[in-house]
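*Asks:* Next comes the sequence, and after it the predicted model I'd like to discuss.
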Amino acid sequence: MIRGFVQHIKLLYLAALALALALALAWPPDLAAAPQNSARAKTSTKSKKKGSQKQPAQQAAPLPWPQNLLALLGDGAVLVVDHHDPEKPGKALYAHNAEKPYVPASILKIVTSGAALEFLGPEYRFKTDFLLTRDKDLWVVGYGDPYLVSEELTTVVEALQKRGLKEVRDLYLDNSFFEKDLILDGNTRTDSPFDAYNLAFGVNFNTVCFQKTKKGQVSKASAHIPLTPLALELAPKFKKAGVYRLNVSESPGRAELHAGQTFQAHLEGAGIKVTGEIVLGRSAPLQRKVFYRHLSSRTLAAVVQDLMKYSNNFMTNQIFLALGAELYGAPATLEKSQKAMDAYFQKYNLAPIVMGDGSGLSRQTTLTASQMADVLAVVEADRRLLVSRDDGQVFYKTGTMSDIKTLAGYIERPGEPERPLAFVILLNGHNFAAGARDKILGLIKSEFASAPSAGR
């Protein structure tokens, strides 16, 4: 009996041993080895985690049109118009907030320039008259020339010398073609060149230019721009060394004085002595003989091209004011300039725009994308006066202030340069990504003016 019990125990032991051996042989070899290589296993896991951090984050799929545009646009406005559609001229290819008014900033320069080119003509040249009395008093009568820079004054002095001018007693400045002490809305009266006052006789964009050394010495910043007494008076206010170009912001009267000092310096630099004073605030006699009439070396079209390139507010507002005075008589006023603009709007059946100035500095001026697109249709033939980009495919004007980013112009379609699309982008406020307007333009180009491709 005992022998049988022992025999039974042996059989159970052998069965258990066989089962253990079978399980050992069936266990996965990598897990079986893990306890012996635990340190290596931990290192390997860390390495994998570290490597996964270096992998670039998966890019979100690009949004389709027009969601990609709307994501950049926010509450701004966009309008793309085909004014050459054979079935529907003026067809809107895409519109968002097209009837909502926005502050346009400098794209308003397109509107002002369009009216001036229409009524004065692209070959128009601004004039400045010089009268010489028997007592050798020299009168300067301004008519709003926007490009009366020092290089131009050099030409003026040479012409006066050829006519026998050798000496001047008093120098009289007649600015009566513009309203006295006229300051347009948007001029914030800082010393920034963008804030320059407008005068019938304004030189060098009514700015003062000088150079200052670390030791405080003041000299000319440019060989052709004289150092005026007013420049020497202003220089001590600025402590740092460098080149300064400042608007004469104290008053329009001070800007007039600066113009006279600059012209006097050019006269004396050419050997024409001025023995008397600079006299302001007087009008030249109505019965007068013009000693010399200077016509600008630049046509209106060339001036417009320059003001577009440099977004020059002074030049634009000179044209804006002079236009009103040319059409409705001196002196130039905001009301007469608005009347001239209204005549332009009426001529082309455009919705009127109330303008606080001609350059876009005024925040009182608002327009819609539709209004701007209608103006672009009228001035399309002059589009090459705008700045070009993208190898000449885009002709445009930007508008930029602290919280305003606008863009308007034309996109020439591949193979169809004479059938450009007009576009308007209006962004007002601070809630826009950096470079939003350029990115929006890129999307418009891609959608409507890219080379034809399969399936499109």
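*Replies:* Nice, I can see it. Numbering: from 1, shown residues only.

*Asks:* Low-confidence ranges, the stretch 1-150 of the chain, go.
*Replies:* The stretch 1-150 of the chain contains residues with pLDDT under 70 at 1-59.

*Asks:* Give me the next element, helix or strand, following the helix or strand hosting Leu321.
*Replies:* Per DSSP states H and E, Leu321 falls inside helix 313-328. Sequence-wise, the next helix or strand downstream of helix 313-328 (DSSP H and E) is helix 334-347.

*Asks:* ok so, going back, tell me the helices and strands packed up against the helix holding Leu321.
*Replies:* Helix 313-328 sits against helix 108-120, helix 300-310, helix 334-347, with contacts defined as 3 or more C-beta pairs under 8 Å, 6 or more residues apart in numbering; DSSP states H and E. (Glycine included, C-beta is placed from N, CA and C.)

*Asks:* And the helices in the protein?
*Replies:* 2-26, 29-33, 38-54, 67-73, 108-120, 150-162, 229-234, 252-269, 300-310, 313-328, 334-347, 369-378, 436-448 (DSSP state H).

*Asks:* Now stretch 327-340: average pLDDT?
*Replies:* Averaging pLDDT along stretch 327-340 gives 98.

*Asks:* which residues does Leu367 form a beta bridge with?
*Replies:* Judged by DSSP bridges, the bridge partners of Leu367 are Tyr102.

*Asks:* Next, the contact list for it, please.
*Replies:* By C-beta atoms under 8 Å, 6 or more residues apart in numbering, Leu367 lies in contact with Pro101, Tyr102, Pro104, Leu108, Val111, Ile353.

*Asks:* The second one against Thr406, yeah?
*Replies:* Okay, so that is Tyr102. Yes - Tyr102 is within contact range of Thr406, at 7.3 Å (criterion: C-beta atoms under 8 Å).

*Asks:* who's more crowded, the two?
*Replies:* Neighbour comparison, Tyr102 and Thr406: the larger count goes to Thr406, with 28 against 24 (by other C-beta atoms under 10 Å).

*Asks:* so who does the residue nearest to the more buried one when sequence neighbours are not counted touch?
*Replies:* Spatially, and ignoring its direct neighbours in sequence, Thr406 is nearest to Gly399 (3.6 Å; C-beta to C-beta, 6 or more residues apart in numbering). Gly399 makes contact with Pro104, Ala105, Ser106, Ile107, Leu108, Gly360, Lys405, Thr406, Leu407, Ala408, according to C-beta under 8 Å, 6+ apart.

*Asks:* I'd guessed the fourth one sits against Ile353; true?
*Replies:* No - the pair Ile107 / Ile353 is not scored as a contact, 11.5 Å apart, by C-beta under 8 Å.

*Asks:* Now the helix holding Leu321 - C-alpha only, CSV.
*Replies:* Output of helix 313-328 as CSV, limited to C-alpha atoms (Å, rounded to 0.1, in the frame of the first residue of the first chain):
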residue,chain,number,x,y,z
ASN,A,313,1.6,112.4,-48.4
PHE,A,314,2.9,116.0,-49.0
MET,A,315,3.1,115.5,-52.8
THR,A,316,-0.4,113.9,-52.9
ASN,A,317,-2.0,116.7,-50.8
GLN,A,318,-0.3,119.3,-52.9
ILE,A,319,-2.0,117.8,-56.0
PHE,A,320,-5.3,117.5,-54.1
LEU,A,321,-5.3,121.1,-53.1
ALA,A,322,-4.0,122.5,-56.4
LEU,A,323,-6.7,120.6,-58.3
GLY,A,324,-9.4,122.4,-56.4
ALA,A,325,-7.8,125.8,-57.0
GLU,A,326,-7.2,125.1,-60.7
LEU,A,327,-10.8,124.1,-61.3
TYR,A,328,-12.6,126.6,-59.0
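
*Asks:* which non-adjacent residue is nearest Asn187?
*Replies:* In this structure, Asn187 finds its nearest non-sequential neighbour in Asp195, 5.4 Å apart by C-beta to C-beta, 6+ apart.

*Asks:* how near is that neighbour to Lys239?
*Replies:* Asp195 sits 22 Å away from Lys239, going by C-beta to C-beta, to the nearest Å.

*Asks:* Distance check, Tyr328 against Lys239.
*Replies:* 47 Å.

*Asks:* So for those two, which residue has more residues nearby?
*Replies:* Using other C-beta under 10 Å, the more surrounded residue of Tyr328 and Lys239 is Tyr328, with 15 against 7.

*Asks:* quick one, what contacts that one?
*Replies:* So Tyr328 contacts Lys336, Lys339, Ala340 (C-beta under 8 Å, 6+ apart).

*Asks:* go on, Asp342?
*Replies:* Pro352 are the contacts of Asp342 under C-beta under 8 Å, 6+ apart.

*Asks:* cool, Thr213 as well?
*Replies:* Listed by C-beta under 8 Å, 6+ apart, the contact set of Thr213 reads Ser219, Ala241.

*Asks:* how far does stretch 70-88 sit from the chain's center?
*Replies:* 21 Å (C-alpha atoms, centre = their mean, to the nearest Å).

*Asks:* should've said stretch 382-400
*Replies:* 11 Å.

*Asks:* One more: stretch 436-452?
*Replies:* That offset, for stretch 436-452, works out to 20 Å (C-alpha atoms, centre = their mean).

*Asks:* Pull the residues that contact it.
*Replies:* With C-beta under 8 Å, 6+ apart as the test, stretch 436-452 has contacts from 65-66, 68-69, 72-73, 78, 80, 93-94, 390, 393-394, 396, 398, 405-407, 411-414, 421, 423, 425, 427, 433.

*Asks:* Any buried residues in it, and which?
*Replies:* Neighbour counts over stretch 436-452 (16 or more other C-beta atoms under 10 Å) mark Ala436, Arg437, Lys439, Ile440, Leu441, Leu443, Ile444, Lys445, Glu447, Phe448, Ala449 as buried.

*Asks:* got a markdown table for those residues, with distance to Ala270 and pLDDT too?
*Replies:* Formatted as a markdown table, the buried residues of stretch 436-452 follow (distance: C-beta to C-beta, whole Å; pLDDT from 0 to 100):
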| residue | distance to Ala270 | pLDDT |
| --- | --- | --- |
| Ala436 | 52 | 97 |
| Arg437 | 48 | 96 |
| Lys439 | 53 | 97 |
| Ile440 | 52 | 98 |
| Leu441 | 49 | 97 |
| Leu443 | 56 | 97 |
| Ile444 | 53 | 97 |
| Lys445 | 52 | 96 |
| Glu447 | 59 | 96 |
| Phe448 | 56 | 96 |
| Ala449 | 53 | 92 |
